[in-house]
Structure formats: structure tokens, C-alpha cells
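**Student:** A predicted structure for the sequence below; I have some questions about it.
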Amino acid sequence: MPYFSVIVPVYNRRDEVENLLESLSRQSDKDFEVVLVEDGSTEPCMDIAARYTDVLDLRYFHKPNEGRSIARNYGMEHATGRYFVFFDSDCVIPPDYFKTLARELAQNYVPCFGGPDAASDDFSDWQKAVTFAMTSFFTTGGIRGGKVQMEKFVPRSFNMGYTREVWEQVGGFREMFSEDIDMSTRVRQAGFGIRLIRPAYVYHKRRDSFKKFARQTYVFGMSRITLKLLYPDSLKLVHCLPAVFLTGCVLLVLLSLLWHWWCILPIVAYALLLWVSALMKHHSVRVASMAVVASFVQLCSYGWGFIKAYVWKIVLGHGRDVNEEIALRKGK
């Protein structure tokens, strides 16, 4: 019986699955199984999975499309390990990941953990720029596993895990947006310890276009209000900052057009701060320039989703039945 069960939900991500499985096949510590759950894909990856059964303890399942949370829960029901580890299909795992994770848990055991994400050197300039936008202290406050954080650490589904005991007591993921934050909150409320294991990082490719990235972060902003309705104390200042940023940018642009051009200077100064920070990290003018654009897209789209959901669900009162809404999405 393996110690770790790697559970990955998949929906029409053939190329990503190949890269993920290839990286898992190169792990220096092999004490894990892989449970690949195809969630009703129209472009299944069964043939790709079959190519790795000789080098990985891998089981492939195909089920009707019901959502990534239900796919993860399905995977846990078929897992045999003592510790469940969750990756997204767009991740690539460094070769010493499980060696590092096993060592860290042996030294300081915890029933639930999360790790950070990063951009590999061979990622495209766009992927590096988006990773900067999502992980920089100057854009997200370090809440996704950075070295400095503005809120208590919350594991995310691209790199997190918990024990079978946690699953048996807390249950699985609920089918909702930001289901990983909801899961982590329930784990903490049940009294289980949660730890950020920084050395256990993954390479995360994220969305491959500005449009998809903007849509994703817009949904993140909306889901933060859903989480507030579920857990009233969960909303922190850092979660409101993108909405403040968006509002401030709109006001400054209007003032620069209607009053004086120098009103735009705070936006220019912030863009310059982002550019210098990204340049110092990636040593590329191109990546730094794209990172500025990605950061503004991330902040503005998240902020707009947050504002829209706040007005609709809280001000107008349409979000009071949030638990019923989640139950209807088959998450319970």
C-alpha cells in the first residue's frame, strides 16, 4: 500500500496530462500511486495514461462530467494511500517533490498541508508573467504560498494534501468555485493542523491566454463573496484590495481626463514597481512587461467580480441561500 495517493481530475487536458505524468514518472521517491479521474472529457487521455502504467502505479477512471470537486471525491473513494495529495492537471512536479514532502512530514507531521507554485525555466514568457501576477506580494499579498503573507495560509488544490482521517471526518470537496478554500476552512474548523511546506513546490502553467486568465480571476473575485456568506469571518482586508484598486484606477483615470494629467501618476508608479519587481525575478524585459499587463488584468477582473457579487449577493440580498445553491451543485 503506498503512503501517498495522488489524485488528479482531468477535463480535456491531454497535453497537460502527458507533461504531468512524465514528471511523476521521474520522481526520486516512488512511494505513491496516481489516481487519474477523467471527468467526462470529450477528448479522453486513456491512451496517454496507458503509456505510463509500466513506470507508475497508476489507475485511470472515466466518469460522466459532474465537476472537478466530484471528480476528486471519486478519486479519494478509489484511493488506497494513507495521505491524499491533489494536483491540477496543468502542473509539472519537480523530481524530488515526494522525497521532500516525506522528509518534511517526518520532521514535522501535519494532517493537512499545502505548497506553493512557481514557473519553470522552460515555461513560456506568458506563463511566467501570469505566475508573477498570481504570486507576487505586490499583487496578491502573498496569500498563495509566498514568503510573506497578509492572511493565514490556505492550501490550494494545485498543490495540497490531507490524510485519510481528515477525509473521513471532514468529507470531500464541495462542487463550488474556490472549493479548495472552502475545504481548507472546514479542515481548520474541525481542529486539524494545516501547514505550508514551502520546499514542496510545483510548477503551475495556469491559463494560456489573457481572456481565459481574466475569466478565471473574475470568478475568483465572485467566489470570495460566496465564501464570506459561508464563513462570515473569512473576508480579510487583502481580499478587498483588488476592488479598491479597480475603483481607484477608474477614479484616477477620470480625474486625469477631467482635471489634470498628473492624476494618472500613481498608476504609472505602481506599474513601474511591478515591472522592476518582475525584472529582478526573471531578468527579462519581455516577461517584466507582460507581467505588468497580467497583474492589471488579474487585479481588475478579480475586483470587478468581487464588486459585482457583493452588490448582487449582499447588498441586494440574492446570496442568502448559498448553502442550498452549493447543495444543488452536488457538492454535498
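**Tutor:** Yes, it's here.
**Student:** ok, A309 to V219 distance?
**Tutor:** For A309, the distance to V219 (CB to CB, to the nearest Å) stands at 10 Å. Where you see a C-beta, it was placed from the backbone N, CA and C, and this is true even at glycine.
**Student:** what about these two, which has more around it?
**Tutor:** Here A309 and V219 are compared on neighbour count by other CB atoms under 10 Å; more neighbours surround A309, at 22 against 16.
**Student:** element containing that one?
**Tutor:** Element membership of A309, judged by DSSP states H and E, is helix 285-309.
**Student:** ditto for H62
**Tutor:** Element membership for H62 (DSSP H and E) is strand 58-63.
**Student:** ok now that strand, how far from the chain's centre?
**Tutor:** With CA atoms, centre = their mean, to the nearest Å as the basis, the distance from the averaged C-alpha position of strand 58-63 to the chain average is 23 Å.
**Student:** what's the answer for stretch 242-255, then?
**Tutor:** With CA atoms, centre = their mean as the basis, the distance from the averaged C-alpha position of stretch 242-255 to the chain average is 26 Å.
**Student:** phi, psi of the residue of the chain most remote from its centre?
**Tutor:** When distances to the mean C-alpha position of the chain are computed (CA atoms, centre = their mean), the maximum falls on W259, with 41.1 Å. Comment: the main-chain dihedrals of W259 come out as phi -130, psi -80, following degrees, to the nearest 10.
**Student:** list the contacts of it.
**Tutor:** When contacts are counted by CB atoms under 8 Å, 6 or more residues apart in numbering, W259 touches no other residue.
**Student:** rewinding a little: quick check: mean pLDDT of the strand holding H62?
**Tutor:** Mean pLDDT, strand 58-63: 96.
**Student:** for that strand, which helices and strands make contact with it?
**Tutor:** The criterion is 3 or more CB pairs under 8 Å, 6 or more residues apart in numbering; DSSP states H and E, and the helices and strands that strand 58-63 contacts are strand 32-39, helix 46-50, helix 68-78.
**Student:** please convert those to a markdown table, extending it with mean pLDDT.
**Tutor:** Formatted as a markdown table, the entries for the helices and strands packed on strand 58-63 read as follows, by pLDDT from 0 to 100:
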| stretch | mean pLDDT |
| --- | --- |
| strand 32-39 | 97 |
| helix 46-50 | 96 |
| helix 68-78 | 95 |
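**Student:** deepest of the ones you listed, which one?
**Tutor:** Among these, strand 32-39 has the highest mean neighbour count (mean count of other CB atoms under 10 Å), at a mean of 23.
**Student:** parallel or antiparallel, list what pairs with that strand.
**Tutor:** Applying DSSP bridges to the sheet, strand 32-39 is found paired with strand 4-10 (parallel), strand 58-63 (parallel).
**Student:** extract the CA atoms of the last one and return them as PDB.
**Tutor:** What follows is strand 58-63 as a C-alpha-only set of coordinates in PDB (Å, rounded to 0.1, in the frame of the first residue of the first chain):
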ATOM      1  CA  LEU A  58      -1.500   4.400 -12.000                       C
ATOM      2  CA  ARG A  59      -5.200   3.800 -12.200                       C
ATOM      3  CA  TYR A  60      -7.400   5.500 -14.700                       C
ATOM      4  CA  PHE A  61     -11.100   6.200 -14.300                       C
ATOM      5  CA  HIS A  62     -13.600   7.700 -16.600                       C
ATOM      6  CA  LYS A  63     -16.900   9.100 -15.300                       C
END
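**Student:** in it, what counts as buried?
**Tutor:** By 16 or more other CB atoms under 10 Å, the buried positions in strand 58-63 come out as 58-61.
**Student:** which residues touch it?
**Tutor:** In contact with strand 58-63 (CB under 8 Å, 6+ apart) are residues 21, 33-41, 44, 46, 49-50, 52, 71, 74-75, 78.
**Student:** and if we set it to 10 Å?
**Tutor:** Residues external to strand 58-63 that are found in contact with it (CB atoms under 10 Å, 6 or more residues apart in numbering): 5-6, 9-10, 17, 21, 24-25, 33-41, 44-53, 70-71, 74-75, 77-80.
**Student:** G193: neighbour count?
**Tutor:** Neighbours around G193, by other CB under 10 Å: 12.
**Student:** so who does it touch?
**Tutor:** When contacts are counted by CB under 10 Å, 6+ apart, G193 is found next to 108-113, 187.
**Student:** one more time with 7 Å
**Tutor:** Contacts here follow CB atoms under 7 Å, 6 or more residues apart in numbering; on that basis G193 touches 110-112.
**Student:** can you tell me which of these end up in strands?
**Tutor:** Mapping the contacts of G193 onto strands (DSSP state E) picks out C112.
**Student:** using JSON lines, lay out the contacts of G193 together with pLDDT, distance to S124 and neighbour count.
**Tutor:** Output for the contacts of G193, formatted as JSON lines (pLDDT from 0 to 100; distance: CB to CB, whole Å; neighbours: other CB atoms under 10 Å):
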{"residue": "V110", "pLDDT": "95", "distance to S124": "34", "neighbour count": "16"}
{"residue": "P111", "pLDDT": "96", "distance to S124": "37", "neighbour count": "21"}
{"residue": "C112", "pLDDT": "96", "distance to S124": "32", "neighbour count": "22"}
